[in-house]
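S.K.: Provided below are the primary sequence and the corresponding predicted coordinates.
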Amino acid sequence: MKAFARTPELDEAVEAYTSSLTAAGMSAGYPNDSVARSFFVNIGVPAWEAMTLAEQVAVPKKYRRVVSWLLASQRMRSSAAYMTLARPWVGNIGRHVHAEFYKRFCAVAAEVGFDTRSTDLQWAALMKVAALHQVAPDSLTADLLHQGRDQLVATIEDHCPVTSGHMWVTAALFRAEATLFHAGVLQNPPTRRGIREVPSTTERWAHITPGLRATFLGYVDQIAVSLRPSTVAGAERVLREFAEFVTATAPTVTRVAELRRTHIEAYKLHLSERPSITGKQLSKRSIVHHLGDLRTCFERLSEWATDDHPGGVLVFSGDLPRLDEPLPRFLDDGAATKLLQAARADEDPFVRLAVEVLARTGMRKGELVDLTVDSVVQIGSAFWLRVPLGKLRNDRYIPLHPQLKQLLDDWIAERPAGLRSEYLFIEDGRRLTKSRVEGAVHKAAKRAGIGHVTPHQLRHTLATQAINRGMSLEALAALLGHRSLRMTLVYARIADRTVSEEYFNVSEKVEALYDAPKELPADAEGAEMLKLRKEMHQRMLGNGYCARPLALDCHFESICESCTYFVTTIEFKPTLQRQRNDAADKGQVGRQKLLDGLIARLEDEAS
């Protein structure tokens, strides 16, 4: 064995390397310091870092373990290109260098729900990012993680464009970010972010005329104080598109005060012709949104009397297209039943739970994913579901069906206990998104064979079912979280019971007119048939029968005994006798004589 010069620095580096491998059980019981000593004498860390990428990749393979250990222990800096092309063993060696954190990382990943394969890929990608930044994996931040991801993906696309390596790196780090959060390394919950960073507001407005840019961005800053972030973002997009249009078509306009009605009319034509993100023509609702935001901006600038505001009204009410008012789309009872049956038969527990909750509570999909683990509360002897602040900035309580309560209890029982999140629906360490809810409903609808169904259709379906079965508008508004009955009245248009009842009443009369049975010829009716028909016309009274034909109207209200159509028989004699005695007691002479005559006639007929 060749002997190498010994220096304190060299001995210290070699000792650290051999001790680390020995502690990890990777020495296999034989001396393993010769290769490390050779690397430090012949190359060394400073010289290796100064090499070109080609020279680093060409370093003899016998040094691969030493180089990997130096990178995994943050003793040497590397590039993303070297990580991609040389594929050092930073993940495998990092398990032993950072043994304690590796055990904790694996335990948290398993609790979150990742399998061993996914955990290994997460750790390998995580160690590459840690090596790039020369920090321990338990010291990484979200920014460092995103930067390392972008570097690795860009390098893979440059050097290995035909492979799918960038996909596994992105997926692995996407999951690793969730594991690090629940392990307590990252402070903020992971969110979905694209591989490329979104340009900043300054970058997006850089090519806009300075005067327009300053006025519109000042307006955006003001509304950001009081409006929702999504509303502010939508207004910013609309104003930026309009400013880009004016900058391109009217470069002489440098301020809002210089805008004229002709610019708005030209922009209206532009909106009517430009395609949407799907390639189709912009919808009326989108055009209303663009022109409405623009109109509000101009009105506010004028009200605030800013230094740069329009000289007059630029956008009028008539500029906004009139929107159609279609009725909400709902599922009929048969389709709703098929959907619930398909959801209950699905192997994914979230599919069943999502469809059941949406169909039984009428919640919005955003409200569903916002539910927290303490959303189920007991009030008295009943259980209620607390729906968090939603679209209309109000929360509410919904009575919880026992079956739904059991489904939620089962979900909570299977939910990992160590998650650092208050949200009820967590998957792969991340809060479920609205698209996951949409996918669950679509999957159940496809299985049920009822076509495309959206989560909001289940809200409309519950509202329609409830109002059809007698729920008041006030109760329905409370159930759906409407702030005014005007929002709920749309369901009354779907199921107006008064209109329905009056329509069917009239329909019966009209059908009776068209479908009345035809009369038989007079000679086709025999004596027995005639007798039977006459008997059918008799209507029983307290003391006899009324034989008036159905076609004739009755001109009397309470003096049937004096009517020529009045008929009585001997079995009614006791009743007539009591009526006669009552008339005598009351001094009703005329009525007494009438009843005496009827009784006498019955006695004569009987004799």
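M.R.: All right, it came through fine. Numbers count the residues shown, from 1 in each chain.
S.K.: show me the contacts for the residue nearest the centre of the chain.
M.R.: The geometric centre of the chain, computed from its C-alpha atoms, lies nearest to residue 365 (Cα atoms, centre = their mean), at 2.3 Å. Shown in contact with residue 365 (Cβ atoms under 8 Å, 6 or more residues apart in numbering): 358, 434, 437-438, 455-456. Any C-beta I mention is one placed from the backbone N, CA and C, and that applies to glycine too.
S.K.: Pull up the gap between it and residue 279, please.
M.R.: In this view, residue 365 and residue 279 are 26 Å apart by Cβ to Cβ, to the nearest Å.
S.K.: And for residue 429?
M.R.: For residue 429, the distance to residue 279 - Cβ to Cβ - is 36 Å.
S.K.: Compare those two (neighbour count), which wins?
M.R.: residue 429 (27 against 6; other Cβ atoms under 10 Å).
S.K.: thought that one was touching residue 179?
M.R.: Yes: here residue 429 reaches residue 179: they are 6.1 Å apart, a contact under Cβ atoms under 8 Å.
S.K.: what stretches of the stretch 401-550 of the chain score poorly on pLDDT?
M.R.: Counting by pLDDT under 70, the stretch 401-550 of the chain has low-confidence residues at 485, 488-504, 508, 510-550.
S.K.: Then the stretch 201-350 of the chain?
M.R.: 324-327.
S.K.: just the strands in it please.
M.R.: Secondary structure of the stretch 201-350 of the chain by DSSP state E, counting those that start in this stretch: no strands are present.
S.K.: Show me the helices in it, by range?
M.R.: Along the stretch 201-350 of the chain, counting by DSSP state H, counting those that start in this stretch, helices occupy 201-204, 210-223, 229-249, 261-273, 284-303, 333-344, 349-361.
S.K.: re earlier: tell me the one among the contacts of residue 365 nearest to residue 73.
M.R.: Among those, residue 434 lies closest to residue 73 (Cβ to Cβ), at 43.1 Å.
S.K.: For residue 483, see how far away the closest residue to the closest one other than its chain neighbours is.
M.R.: Spatial nearest neighbour of residue 434, excluding adjacent residues (Cβ to Cβ, 6 or more residues apart in numbering): residue 365 at 4.9 Å. When Cβ to Cβ is the yardstick, residue 365 and residue 483 sit 19 Å from each other.
S.K.: Same question for residue 62.
M.R.: Note on residue 62: its distance to residue 483, by Cβ to Cβ, is 73 Å.
S.K.: Would you point to the one among the helices of the stretch 201-350 of the chain that's packed deepest?
M.R.: Neighbour counts (mean count of other Cβ atoms under 10 Å) averaged over each of the helices of the stretch 201-350 of the chain peak at helix 349-361, with a mean of 22.
S.K.: returning to what we had before: next, give phi and psi for the residue nearest to residue 434.
M.R.: phi -60, psi -30 (degrees, to the nearest 10).
S.K.: what's the answer for residue 345, then?
M.R.: phi -90, psi 0.
S.K.: Do I have it right that it meets residue 448?
M.R.: No: the pair residue 345 / residue 448 is not scored as a contact, 9.5 Å apart, by Cβ under 8 Å.
S.K.: thought residue 584 was touching residue 590?
M.R.: No: taking contacts as Cβ under 8 Å, residue 584 lies outside contact range of residue 590: 11.6 Å.
S.K.: Give me the more crowded residue out of those two.
M.R.: When residue 584 and residue 590 are compared on other Cβ under 10 Å, the one with more neighbours turns out to be residue 584, at 14 against 9.
S.K.: Which residues are in contact with that one?
M.R.: Residues in contact with residue 584 (Cβ under 8 Å, 6+ apart) are residue 592.
S.K.: Can you tell me how far residue 421 is from residue 576?
M.R.: As judged by Cβ to Cβ, residue 421 and residue 576 stand 88 Å apart.
S.K.: These two: who's more crowded?
M.R.: residue 576 (21 against 18).
S.K.: Secondary structure of that one: a strand, I assume?
M.R.: No: using DSSP: H, G, I helix; E, B strand; the rest coil, the assignment for residue 576 is helix, not a strand.
S.K.: how much does the top strand by length along the chain deviate in direction from helix 349-361?
M.R.: As assigned by DSSP state E, the longest strand anywhere in the chain is strand 382-387. Per axes from the mean of the first three to the mean of the last three Cα atoms, to 10 degrees, the angle that strand 382-387 makes with helix 349-361 is 100 degrees.
S.K.: what lines up beside the next helix or strand after strand 382-387 in the sheet?
M.R.: The element immediately downstream of strand 382-387 (helix or strand, assigned by DSSP states H and E) is strand 396-399. According to DSSP bridges, strand 396-399 forms sheet pairs with strand 382-387 (antiparallel).
S.K.: Please list all residues in contact with the residue lying closest to residue 425 once chain neighbours are set aside.
M.R.: Computed as Cβ to Cβ, 6+ apart, the closest residue to residue 425 that is not its neighbour in sequence is residue 432, at 4.2 Å. Contact analysis of residue 432 by Cβ under 8 Å, 6+ apart lists 350, 369, 423, 425-426.
S.K.: closest to residue 140 among those?
M.R.: residue 426 (21.6 Å).
S.K.: Was I right to think that closest one contacts residue 415?
M.R.: Yes: counting by Cβ under 8 Å, residue 426 touches residue 415, with 6.8 Å between them.
S.K.: Which one's more surrounded, those two?
M.R.: Under the criterion of other Cβ under 10 Å, the comparison of residue 426 against residue 415 puts residue 426 first, with 21 against 15.
S.K.: mind checking how far the more buried one is from residue 417?
M.R.: Taken as Cβ to Cβ, the span from residue 426 to residue 417 is 12 Å.
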